[in-house]
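*Asks:* need a structure here:
(one chain, ligands or ions: 2)
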Amino acid sequence: MESFQKYLDYSDEVKSALKQKKAVVALESTIISHGFPYPENVECALQCEAEIRAKGAVPATVAIINGRIKIGLNPDELEYLAVTKGIAKASRRDIAVLIAKKRDGATTVAATMLLAAMAKIQVFATGGIGGVHREAQSTFDISADLEELAATPVCVVCAGAKSILDLALTREYLETAGVPVIGYQSDDLPCFYTRSSGLSVDYRIDSCAQIAAVLKTKKDLGLKGGVIIGNPIPAEYELEPDMIDGCIQQALDEAKAAGVSGKALTPFLLARIHDISGGKSVVANKALVYHNASVAAEIAVELSKLEQ
Ligand code: PSU
Ligand code: MN
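*Replies:* Residues are numbered from 1 along each chain as shown. Ligands and ions are numbered 1, 2, ... in the order given. Model prediction:
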């Protein structure tokens, strides 16, 4: 047994699925504790799990609770992460400290990828990834999610990234890091609330079976690093670009005026966009996350067929 396994607690459902090489999809928990207001956060977490089950896969929401790495949470644990104030936002750098101090942590994309890889889970669904922030040329604010994508072999199904980031620089970073950016039924990199960022993806792939074939090939070749699947928000939920861009700009201006930086910046912007948009951002955010969960489950099911 690898030395890290003693830190991991698997839910019974996830443990038996992994043993039988059945499809499993990881989900992050920062989105629960810091990405949505209550009660939408717990509603979203439960519905993501339902979407994954509906496609015949098993959900594994990842978090750190009382110093234990949880791979698969029960509804009480989801509720705990949703209602408890002050749960740490846990990225790669925080994991060992939180565990040694027996604390709780809501895992970001970076931390969820790395813990999913320890658990041998290859597919992960989220809303949007972190990236290179606007004005990173002077602030150096580049999400640890990108470093993790460079290093850790997990496929991240997302709706691209929000334009709180500099998406063109994020794209350049991913190219340098050797991370394939694949559009699912899309030629363009999605922009979270809207279907296109105006930037292209590296490859468009229209079927989950074909995406699974890419993942299998990459694994067989021993290539390090992740894969991004950009899955655009369903058209009926897409927000009007000028409206949402205005909200994002206002949130960015407020963050600057208030001097918010570091790990607090992304949660601050998400909460402000929610308020400024009068809740419209949350409706769109839920819809795109559910779609990502569903597509991720289809990819995981196809991948499990290739690995039987
Ligand atoms: N983007 C979103 N919603 C989120 C996040 C990003 O639209 O909830 C969260 C994810 O957990 C992501 C993290 O990994 O924020 C990135 O934070 P930072 O920019 O501080 O690295
Ligand atoms: Mn940052």
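*Asks:* which parts of the lengthiest helix in the chain are buried?
*Replies:* Criterion DSSP state H: the longest helix present in the chain is helix 280-307. Counting neighbours by 16 or more other CB atoms under 10 Å, one finds that the buried residues in helix 280-307 are 280-282, 284-304. Yep, even glycine has a C-beta here, placed from its N, CA and C like the rest.
*Asks:* Distance of the nearest residue to residue 237 once chain neighbours are set aside relative to ligand 1?
*Replies:* The shortest distance from residue 237 to any non-neighbouring residue, by CB to CB, 6 or more residues apart in numbering, is to residue 287 (3.8 Å). Remark: distance between residue 287 and ligand 1 (CB to the nearest ligand atom, to the nearest Å) = 13 Å.
*Asks:* ok, residue 287 - contacts?
*Replies:* Contact analysis of residue 287 by CB atoms under 8 Å, 6 or more residues apart in numbering lists 233, 234, 237.
*Asks:* sorry, back to before: what mean pLDDT does the longest helix of the chain get?
*Replies:* Average pLDDT, helix 280-307: 98.
*Asks:* swap in stretch 223-231?
*Replies:* On average, the pLDDT along stretch 223-231 is 98.
*Asks:* Longest strand in this structure, please.
*Replies:* strand 58-65 (DSSP state E).
*Asks:* So it, near ligand 1 or not?
*Replies:* No - against ligand 1, strand 58-65 shows no contacts by CB under 6 Å from any ligand atom, the least distance being 10.9 Å.
*Asks:* helices and strands around that strand, which ones?
*Replies:* helix 12-19, strand 24-27, helix 40-54, strand 68-71, helix 75-83, helix 95-100, strand 105-107, helix 109-118 (3 or more CB pairs under 8 Å, 6 or more residues apart in numbering; DSSP states H and E).
*Asks:* Please export the C-alpha coordinates of that strand as CSV.
*Replies:* Provided in CSV are the C-alpha atoms of strand 58-65 (Å, rounded to 0.1, in the frame of the first residue of the first chain):
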residue,chain,number,x,y,z
VAL,A,58,-20.3,7.1,-9.0
PRO,A,59,-19.6,10.6,-7.6
ALA,A,60,-16.6,11.2,-5.3
THR,A,61,-16.8,14.6,-3.8
VAL,A,62,-13.4,15.4,-2.3
ALA,A,63,-12.7,17.4,0.9
ILE,A,64,-10.6,17.4,4.1
ILE,A,65,-12.7,16.9,7.2
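*Asks:* Can you give me every residue that contacts the nearest residue to residue 305 once chain neighbours are set aside?
*Replies:* Leaving aside its sequence neighbours, residue 305 sits nearest to residue 212 (CB to CB, 6+ apart; 7.5 Å). With contact set as CB under 8 Å, 6+ apart, residue 212 has these partners: 299, 302, 303, 305, 306.
*Asks:* how close does the closest residue to the last one other than its chain neighbours get to ligand 1?
*Replies:* Taking CB to CB, 6+ apart as the measure, residue 306 lies nearest to residue 216, with 4.7 Å between them; neighbours along the chain are not counted. For residue 216, the distance to ligand 1 under the criterion CB to the nearest ligand atom works out to 26 Å.
*Asks:* repeat for residue 217
*Replies:* From residue 217 to ligand 1 the distance is 27 Å (CB to the nearest ligand atom).
*Asks:* neighbours of that residue, just the number please.
*Replies:* When neighbours are defined as other CB atoms under 10 Å, residue 217 has 11 of them.
*Asks:* try the one 3 residues further on
*Replies:* By the other CB under 10 Å criterion, the neighbourhood of residue 220 contains 9 residues.
*Asks:* so what pLDDT did it get?
*Replies:* 98.
*Asks:* State the helix or strand in which it lies.
*Replies:* Using DSSP states H and E, residue 220 sits within helix 208-221.
*Asks:* For that helix, buried residues please.
*Replies:* 208, 211, 212, 214, 215, 216, 218.
*Asks:* Export it to PDB, keeping only CA atoms.
*Replies:* Extracted as PDB, the C-alpha positions of helix 208-221 are listed here (Å, rounded to 0.1, in the frame of the first residue of the first chain):
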ATOM      1  CA  CYS A 208     -17.300  11.200 -25.000                       C
ATOM      2  CA  ALA A 209     -15.900   7.800 -26.400                       C
ATOM      3  CA  GLN A 210     -13.300   9.700 -28.400                       C
ATOM      4  CA  ILE A 211     -12.300  11.800 -25.400                       C
ATOM      5  CA  ALA A 212     -12.000   8.600 -23.400                       C
ATOM      6  CA  ALA A 213      -9.700   7.200 -26.100                       C
ATOM      7  CA  VAL A 214      -7.500  10.200 -25.800                       C
ATOM      8  CA  LEU A 215      -7.300   9.800 -22.000                       C
ATOM      9  CA  LYS A 216      -6.400   6.100 -22.400                       C
ATOM     10  CA  THR A 217      -3.700   6.800 -24.900                       C
ATOM     11  CA  LYS A 218      -2.200   9.600 -22.800                       C
ATOM     12  CA  LYS A 219      -2.200   7.200 -19.800                       C
ATOM     13  CA  ASP A 220      -0.600   4.400 -21.700                       C
ATOM     14  CA  LEU A 221       2.100   6.700 -23.000                       C
END
